[in-house]
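J.: Could you look at this predicted model? Sequence included:
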Amino acid sequence: MIEFRSISAAAGSFRLDSISLKIPRGDCHVIVGPTGAGKTFLLETLIGLRSPESGAILLEGREITGFPPHKRQIAFVPQDTCLFPTMTVRDNILYGVRANGIEPTEVAPFLEHLVEFLRIGQLLDRWPQNLSGGEKQRVALARALVTKPVLLVLDEPFSAIDHSFREEIRRLLKSLLEEFRMTTLIVTHDHDEAFFLGNHISIMMDGRILQSGSRDDIYSYPRSFAAASFFGIKNVFPGKVLEITDTGVVLLWESVHQTVAVPCRCRHKYAAGQSVHFGIRPEAVYIMRADKRQEEKKNVFPGIITKIFLRGKMHTLLVEIGFETKIQIEIDIHDAAVRKMGLQEQMEIRISLEPKWIFLISE
């Protein structure tokens, strides 16, 4: 297990602000955030390239805060892979083995397994400058894993790879992490990478961890405006708590003069009359034709489709609801569903905000 305990550090005017985080053994944890959030700074502190002002870093229960990088049992794969141009692929992979005083023959069976898994057997006698971006990434992964580190750390692992090969390397990395059950910490600015690779995810902005949780929790239930905005969720609206129930809260959506039921395990945090915001991801909004009977749904509102935008296999619909005050809701729906329902601009429909997918923001 890796643990950050209230890590604070500074570089010029930028600060890491009391970072606390636990990553269980065998877990793949992804820190996601915009450029300049402090993700790489935190990794450099973890691997020993920077010293924190306060706090502690523990690896498998042992504090390593003051250890030099080569004593931390952490393998680091930077953005540009940093392969040595004067060494063959084979010698690059074995560099850490030899630097630790280990005979290559001792790791030969494991190396053979790695080489086969990563499909780099044909590259072993080649030079790094003759490799593609994806091939360099696979070699860098082999070099990192061959010493069997306690922790694998990757900084923006796909940023230097051509887009056409990126998905292939993502899948390979995910399969590799599942195969070797390596405790892994990845940082990225890419939402898709984070949700594809991470079992658990942390959102980082301005040197702080805003939210940590399971992949599903982070995806569906951001707990701040900053997190919702970072994920591009535009369906966030003001409301007021009307009632606390046994299973959640009932909100008044003042703009449309209707109530919204929200199941909530932390309903004790709220009080009647409290102003909050609620939101929902665009793909979690259910669409019904106004002229057809449908199964009974909760949080149903009439609306009009004002715009339809095609995005590959998906469509984004802008739907206007409300009477005196018009509210716009963004909905993502598959092309096949648009065709089946015959959805068109200016069509009257009904929408349902599925209660279990609504998130609350109380800040």
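T.: Everything's here; your move.
J.: Could you report the neighbour count for L154?
T.: Neighbour count for L154, taken as other C-beta atoms under 10 Å: 26. To be clear about C-beta, it is placed using only N, CA and C from the backbone, and glycine gets the same treatment.
J.: Tell me how far it lies from F237.
T.: From L154 over to F237 the distance is 37 Å, taken as C-beta to C-beta, to the nearest Å.
J.: T81 now?
T.: Taking C-beta to C-beta, one finds T81 at 45 Å from F237.
J.: neighbour-wise, which of the two wins?
T.: Shown here are T81 and F237; by other C-beta under 10 Å, T81 has more neighbours (22 against 18).
J.: quick one: what helix or strand has the more buried one in it?
T.: Following DSSP states H and E, there is no helix or strand that holds T81.
J.: pLDDT wise, what is it at?
T.: T81 is assigned a predicted lDDT (pLDDT) of 80.
J.: my read: it touches A142, true?
T.: No - in this structure, T81 is not within contact of A142 by C-beta atoms under 8 Å, at 11.0 Å.
J.: Tell me where the model's unsure across the chain.
T.: Low-confidence segments of the chain, defined by pLDDT under 70: 294-295, 363.
J.: Which other helices and strands does the longest strand seen in it contact?
T.: Determined from DSSP state E, the single longest strand within the chain is strand 300-311. Here strand 300-311 touches strand 314-321, strand 348-353, going by 3 or more C-beta pairs under 8 Å, 6 or more residues apart in numbering; DSSP states H and E.
J.: nearest to D17, of these?
T.: Relative to D17, the nearest member of the helices and strands packed on strand 300-311 by C-beta to C-beta is strand 348-353, separated by 34.7 Å.
J.: orientation of that closest one relative to strand 300-311 in degrees?
T.: Counting by axes from the mean of the first three to the mean of the last three C-alpha atoms, to 10 degrees, strand 348-353 points 100 degrees away from the direction of strand 300-311.
J.: buried residues in strand 348-353?
T.: I349, R350, I351, S352, L353 (16 or more other C-beta atoms under 10 Å).
J.: Next: stretch 272-280.
T.: Under the neighbour-count rule (16+ other C-beta under 10 Å), stretch 272-280 has V276, H277, F278, G279, I280 buried.
J.: just to revisit the earlier point, who does the longest strand of the chain pair up with?
T.: Using DSSP bridges, strand 300-311 pairs in its sheet with strand 314-321 (antiparallel), strand 348-353 (antiparallel).
J.: can I get those strands in a markdown table with distance to S214?
T.: Output for the strands paired with strand 300-311, formatted as a markdown table (distance: least, C-beta to C-beta, whole Å):
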| stretch | distance to S214 |
| --- | --- |
| strand 314-321 | 25 |
| strand 348-353 | 23 |
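J.: thinking again about what came up before, what residues does the longest strand of the chain touch?
T.: 256, 258, 288, 290, 315-321, 328-329, 335, 338, 343-353 (C-beta atoms under 8 Å, 6 or more residues apart in numbering).
J.: what's the single longest helix in this protein?
T.: Longest helix in the chain, counting residues (DSSP state H): helix 163-180.
J.: neighbours around Y219, how many?
T.: 15.
J.: before we move on, back to that, and Q122, which of the helices and strands packed on strand 300-311 is closest to it?
T.: Each of these was scored for nearness to Q122 using C-beta to C-beta, and the closest is strand 314-321 (38.5 Å).
J.: C-alpha coordinates for that closest one, CSV please?
T.: Taking C-alpha atoms only, strand 314-321 is exported to CSV below (Å, rounded to 0.1, in the frame of the first residue of the first chain):
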residue,chain,number,x,y,z
MET,A,314,-23.8,9.6,-30.4
HIS,A,315,-26.1,12.6,-30.7
THR,A,316,-26.2,15.5,-28.2
LEU,A,317,-29.7,17.0,-27.8
LEU,A,318,-30.4,20.4,-26.3
VAL,A,319,-33.8,20.3,-24.7
GLU,A,320,-35.7,23.3,-23.4
ILE,A,321,-38.0,22.8,-20.4
